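# When you get a sec, could you give me coordinates for this:
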Amino acid sequence: MLPLSEADCQFLIRLARRELEEKVLSKPLPALGEIPSSLERPSGAFVTLHEGGALRGCIGRVETVAPLHRTVRECALSAAVHDPRFDPVRPEDVANLHIEISVLSSFQEIQPGEIEVGRHGLLVSHGERRGLLLPQVAVEWKWNSIRFLEETCVKAELPPNAWKHGARIQAFTAQIFVEKEPKERIVGCENDRI
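Residues are numbered from 1 along each chain as shown. Prediction:
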């Protein structure tokens, strides 16, 4: 899927913002115009909402057959109203939300020694349990690669050392882009970065 153009990134940010405003504020908004063909391809993505610098919601889809634009719309709304860690976003909160979108690459098997903090996101799975952490999480928390791997195991509700005992480790990269201010232009549309 990667890389998206600057115009694609801006379109997705506007699309996520429009979805939030239309659904949470219950007001119909005009369409954004024709969807770029590059956003018709299926791709996993996460939409993260921040309010005042704090996490306010984050929902994503790892595997999807839906076009990227639909995945982003659905995840934006889900992050706002269905993230079980938070109360649903209220209409008065919408203007203060900052949107971050992470478009995921494909997943590859990886050995613990190959994990690069700041480049890789991780998916750890064992049986029915699986946990995913985006590439930016390890940087934000200043984790080394082993701590990142342990925290991903914990996210999967596995023991921190499950990676030593048969858990599957997969890595991915992400193209991450954010709103500078709500409803303003995005800051960066960089490839495989955090």
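
# show me where the chain has helices.
6-24, 68-81, 135-140, 145-155 (DSSP state H).

# nearest to E40, of the ones you listed?
Among the helices of the chain, the nearest to E40 by Cβ to Cβ is helix 68-81 (7.2 Å). C-beta here means a position set from N, CA and C on the backbone, and glycine is covered the same way.

# angle of the closest one against helix 6-24?
With axes from the mean of the first three to the mean of the last three Cα atoms, to 10 degrees defining the directions, helix 68-81 sits at 40 degrees from helix 6-24.

# Would you mind putting the CA coordinates of helix 68-81 into PDB?
Only the C-alpha atoms of helix 68-81 are listed here, as PDB (Å, rounded to 0.1, in the frame of the first residue of the first chain):
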ATOM      1  CA  LEU A  68      -8.500   2.300   2.500                       C
ATOM      2  CA  HIS A  69     -10.800   5.300   2.500                       C
ATOM      3  CA  ARG A  70     -13.700   3.200   4.000                       C
ATOM      4  CA  THR A  71     -11.400   1.700   6.600                       C
ATOM      5  CA  VAL A  72     -10.300   5.200   7.700                       C
ATOM      6  CA  ARG A  73     -13.900   6.400   7.900                       C
ATOM      7  CA  GLU A  74     -15.000   3.400   9.900                       C
ATOM      8  CA  CYS A  75     -12.000   3.600  12.200                       C
ATOM      9  CA  ALA A  76     -12.400   7.300  12.800                       C
ATOM     10  CA  LEU A  77     -16.000   6.800  14.000                       C
ATOM     11  CA  SER A  78     -15.100   3.700  16.000                       C
ATOM     12  CA  ALA A  79     -12.200   5.500  17.700                       C
ATOM     13  CA  ALA A  80     -14.600   8.300  18.700                       C
ATOM     14  CA  VAL A  81     -17.500   6.200  20.000                       C
END
